[in-house]
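Give me a model of this one.
(chains A, B and C)
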Amino acid sequence: MIALFTDFGLYGPYTGQMKAVLHNLAPGVPVVDLFADAPTVNPRASAYLLAAHAAWFAERTVFLCVVDPGVGGERPVIVVEADRRWYVGPGNGLFEIVRRRAQEPRTYEIDWRPQRLSDTFHGRDVFAPLAALLARGERPPGRRRDDGVDRRPDWPDDLPEIVYIDHYGNAMTGMRAEPLKEAGLSAGGRVFERARTFGDRPAGEAFWYENSNGLAEIAVNRGRADRDLGLAAGMPVAIVS
Amino acid sequence: MIALFTDFGLYGPYTGQMKAVLHNLAPGVPVVDLFADAPTVNPRASAYLLAAHAAWFAERTVFLCVVDPGVGGERPVIVVEADRRWYVGPGNGLFEIVRRRAQEPRTYEIDWRPQRLSDTFHGRDVFAPLAALLARGERPPGRRRDDGVDRRPDWPDDLPEIVYIDHYGNAMTGMRAEPLKEAGLSAGGRVFERARTFGDRPAGEAFWYENSNGLAEIAVNRGRADRDLGLAAGMPVAIVS
Amino acid sequence: MIALFTDFGLYGPYTGQMKAVLHNLAPGVPVVDLFADAPTVNPRASAYLLAAHAAWFAERTVFLCVVDPGVGGERPVIVVEADRRWYVGPGNGLFEIVRRRAQEPRTYEIDWRPQRLSDTFHGRDVFAPLAALLARGERPPGRRRDDGVDRRPDWPDDLPEIVYIDHYGNAMTGMRAEPLKEAGLSAGGRVFERARTFGDRPAGEAFWYENSNGLAEIAVNRGRADRDLGLAAGMPVAIVS
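Alright, predicted model coming up:
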């Protein structure tokens, strides 16, 4: 399976042209849209979102990841192998958190480029052909790069920030819920206690809970955390003991 | 074929993670998005929308339906067999209208739960594995429940309400067009006559017509009924003789 | 492969019901969404967008194209064969630019209609079954029509107009970049110089460049041309020498 993680949107030609490449070069391999609205041109917030969601997928899944403000510039093209899954994308830190949580991750830099290479759509021209090749079971066509070209050692292990507002207005943070135990969280000038799920709180009440991918998420029962609490992607979150 | 009917949206991880389960557990079975924007947390309006659209699909289609404000609470997990199609989802009335229009429908309650069960994403963890199993041709892994646990006998046969605003701003009602014959419809303080199709009316004129799934729908030729007439989901509609 | 080019949107039942037809009638053929937000009820702007993007696809691709304000009226149902690709849709000029740039294109008019034919959803009822048939390798079930029933000879070879605003707020024009060489473009009261790619300009600066499908596109590095420059679909563009 190939899972797409991009900031391309679903409308317009970008996701469709990438899928056309995948179907041509890896026929019969299922392709699913994981995120088409990853934090736009924000590899750091995206890195935490990707790591939390990728862990749920089966081994041998190939993640085709494009959050790439440096397209057309000098950033390397990277393949990461981590916990028996593959990650293809730009070497801008996008795989930093996946790597950090994996056992014996490996980075490859890929020098291969296609004959027809646009300046602005490497998702279609470079990353999708590489993802198809890995999905067919081939090895990454590049060399090991363990000098940290793609690393961001200064990023924290959990990001105390709202990284994504979902379809229901819930605010996903970049922090895993498990280590937080029963701590409170504060964001947008308010403090939120932990709950197990929506039904545990009265309608209209705000709380935080462990979402289905293990992240701490702020929500309002039968409401919207974005609208009702003024929360938005990029806002800081603090732990309140 | 598996058809998805949810209020999950297409963006974010929810629809993608459900499809990942389906491709893993029912390889090769096509999956299509019927509605990803069914009336949010509104099983009643959704029930009329689902019944109208499901009737068009081929026999043996499996409908994976998640409009589930009670997730994490006590509502049962239900499979309905109706007119040789399968419906999987929460027992909150979502299949009431499908059942009522079917010959000899059967309800099954499913007690099976997976080992990894989140509190808030039963679409991925419970309903999708069940839909995959039915799509593979297996029987529902539960017991008959004909005591009406999933029924809503007080709901009308046709819902005099706007249940959905489509991409063009047309207002779908919860009423089948055929029994209305040449009656007028009123909504938002105006009365609409029936037309066959858009081209039968001058530009800018409002009317109602039988849409391609058999529902009465209010539209404006070369306009938008939501913007031009102030119509919105949830507004009442009345029959004018 | 079947590529969808419509103004149906991805939400609601339209794209999903078309895909259900395609999967039923052309099992195993991949289907990708190229545009679900082609210029609404605007076959002229759509024609330039389609021609630019279709050229990238492999031979034998079938384009299922529905931008069809005349549905339910008298416009013919058309299949065009051009440069070994197939185009199915309404005969309203949508394939004018594809034809004009092709070697020996052929138009067929299709009189076939299904037994169940709605008045308003020919995408599902007429065009999708035809696309499936062509994808299976069959010949168009109609007769040659070389009298120009589907042509628009008065349309220009390149359209000096903004035809699409993409997910990042970039403004695609209907003009191919290559013949423009180093000319400037003006739109919305401003003049834009050509650049190779985003990184060649400082943050916040506006420019035009050749996008990944060969069209001239106006963009702002790390900004949005729609918001920052007030550009919108339908606005005229002029060449400044």
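
tell me the contacts of A:Tyr11?
Contacts were defined as C-beta atoms under 8 Å, 6 or more residues apart in numbering or on different chains; by that measure A:Tyr11 touches C:Leu10, C:Phe35, C:Ala36, C:Asp37, C:His167. To be clear about C-beta, it is placed using only N, CA and C from the backbone, and glycine gets the same treatment.

rerun that using 10 Å as the cut-off
For A:Tyr11, the residues meeting the contact criterion (C-beta atoms under 10 Å, 6 or more residues apart in numbering or on different chains) are A:Ala36, B:Leu10, C:Gly9, C:Leu10, C:Asp33, C:Phe35, C:Ala36, C:Asp37, C:Ala38, C:Tyr164, C:Asp166, C:His167.

Return the closest of the residues you listed with respect to B:Gly91.
Minimum distance to B:Gly91 across these is 25.8 Å, recorded for B:Leu10 (C-beta to C-beta).

what's the distance between the closest residue to the closest one other than its chain neighbours and B:Val66?
Once flanking residues are discounted, B:Leu10 sits nearest to B:Ala36: 4.8 Å by C-beta to C-beta, 6 or more residues apart in numbering or on different chains. Look at B:Ala36 and B:Val66: by C-beta to C-beta, to the nearest Å, they are 10 Å apart.

shared neighbours, those two?
Once C-beta under 10 Å, 6+ apart is applied, the residues that B:Ala36 and B:Val66 both contact turn out to be B:Leu4, B:Phe5, B:Thr6, B:Asp7, B:Phe8, B:Tyr14, B:Thr15.

circling back to that earlier point, do me a favour and get the backbone dihedrals for the residue nearest to B:Leu10.
phi -110, psi 0 (degrees, to the nearest 10).

swap in A:Asp111?
A:Asp111 has phi and psi values of phi -90, psi -20 when expressed as degrees, to the nearest 10.

Verify the contact between it and A:Gly142 for me.
Yes: A:Asp111 is within contact range of A:Gly142, at 6.2 Å (criterion: C-beta atoms under 10 Å).

of these two, who's got more company?
Regarding A:Asp111 and A:Gly142, a neighbour count based on other C-beta atoms under 10 Å in any protein chain shown identifies A:Gly142 as having more, with 17 against 9.

follow-up on the earlier one: which pair in the contacts of A:Tyr11 has the greatest spatial separation?
Spatial extent of those (C-beta to C-beta) is set by the pair B:Leu10 and C:Tyr164 at 19.6 Å.

shared neighbours of A:Asp111 and A:Gly142, which are they?
Contact criterion C-beta under 10 Å, 6+ apart; residues bridging A:Asp111 and A:Gly142 by contacting each: A:Pro76, A:Val77.

B:Leu10 and C:Tyr164: which is more packed in?
C:Tyr164 (24 against 20).

ok, now which ones touch that one?
A:11-13, C:35, C:37-39, C:45-46, C:48-49, C:52, C:170-174, C:215, C:217, C:233.

rerun at 8 Å
A:Gly12, C:Ala38, C:Pro39, C:Ala45, C:Leu49, C:Ala171, C:Met172, C:Ala233.

what do you get for A:Asp158?
By C-beta under 8 Å, 6+ apart, the residues touching A:Asp158 are A:Tyr48, A:Gly174, A:Met175, A:Arg176, A:Pro179.

A:Ala232 too?
Residues touching A:Ala232, when contacts are defined by C-beta under 8 Å, 6+ apart, comprise A:Ile162, A:Ile165, A:Asp226.

If we use 10 Å, what do you get?
Going by C-beta under 10 Å, 6+ apart, A:Ala232 touches A:Ile162, A:Ile165, A:Ala171, A:Ala187, A:Gly188, A:Ala225, A:Asp226.

now swap in A:Pro140 and tell me
Under the criterion of C-beta under 10 Å, 6+ apart, the neighbours of A:Pro140 are A:78-81, A:86, A:88, A:106-110, A:112, A:130, A:133-134.

and it, that one's in a helix?
No: applying DSSP: H, G, I helix; E, B strand; the rest coil, one finds A:Pro140 to be coil, outside a helix.

Give me the pLDDT value at it.
Among the per-residue scores, A:Pro140 shows a pLDDT of 97.

got it, and the one 5 residues further on?
According to the per-residue confidence, A:Arg145 scores 95 in pLDDT.

How much space separates it from chain C?
Applying C-beta to the nearest C-beta, to the nearest Å, the value for A:Arg145 to chain C is 22 Å.

got it, and A:Gly142?
With the distance defined as C-beta to the nearest C-beta, A:Gly142 ends up 23 Å from chain C.

shouldn't that residue be in contact with A:Arg113?
No: distance between A:Gly142 and A:Arg113: 11.4 Å, which falls outside the contact criterion (C-beta under 10 Å).

Between the two, which contacts overlap?
With C-beta under 10 Å, 6+ apart, A:Gly142 and A:Arg113 have common neighbours A:Val77.

who are the neighbours in contact with the residue lying closest to A:Ile110 once chain neighbours are set aside?
With C-beta to C-beta, 6+ apart as the measure, A:Gly142 is the residue that lies nearest to A:Ile110, at 3.8 Å, once sequence neighbours are left out. The contact partners of A:Gly142, by C-beta under 10 Å, 6+ apart, come to A:Pro76, A:Val77, A:Ile78, A:Val79, A:Thr107, A:Tyr108, A:Glu109, A:Ile110, A:Asp111, A:Trp112, A:Leu130.

still on that earlier bit, so which of the contacts of A:Ala232 sit within strands?
Secondary structure assignment (DSSP state E) places A:Ile162, A:Ile165, A:Ala171, A:Ala187 from the contacts of A:Ala232 within strands.

For the third one, name its beta-bridge partners.
The reference is to A:Ala171. For A:Ala171, the beta-bridge partners are A:Ile165, A:Ile218 (DSSP bridges).

what pLDDT does the residue nearest the centre of chain A get?
Among the residues of chain A, the smallest C-alpha distance to the mean C-alpha position (C-alpha atoms, centre = their mean) belongs to A:Leu50, namely 2.3 Å. Among the per-residue scores, A:Leu50 shows a pLDDT of 98.

give me every residue that touches the nearest residue to it once chain neighbours are set aside.
Nearest residue to A:Leu50, sequence neighbours excluded (C-beta to C-beta, 6+ apart): A:Phe5, at 5.6 Å. The neighbourhood of A:Phe5, defined by C-beta under 10 Å, 6+ apart, consists of A:33-36, A:38, A:46, A:49-50, A:53-54, A:63-67, A:87, A:89, A:94, B:13, B:16.

The residue nearest to B:Leu10: what's it in contact with?
For B:Ala36, the contact set (C-beta under 10 Å, 6+ apart) comprises A:167, B:4-11, B:14-15, C:10-12, C:16.

So which of those is the closest to B:Phe121?
Each of those was scored against B:Phe121 by C-beta to C-beta, and B:Tyr14 proved nearest at 7.1 Å.

What distance do you get for that closest one to chain A?
For B:Tyr14, the distance to chain A under the criterion C-beta to the nearest C-beta works out to 7 Å.

ok, back up a step: of all pairs in the shared contacts of B:Ala36 and B:Val66, which one is the farthest apart?
In those, two members sit farther apart than any others by C-beta to C-beta. They are B:Phe5 and B:Tyr14, at 13.3 Å.

Next, show the common contact partners of the two.
B:Ala36, B:Val66.

number of nearby residues for A:Ser118?
Using other C-beta under 10 Å as the criterion, A:Ser118 is surrounded by 20 other residues.

My guess is it contacts A:Val71. True?
Yes: using C-beta under 10 Å as the test, A:Ser118 is close enough to A:Val71 to be in contact (9.3 Å).
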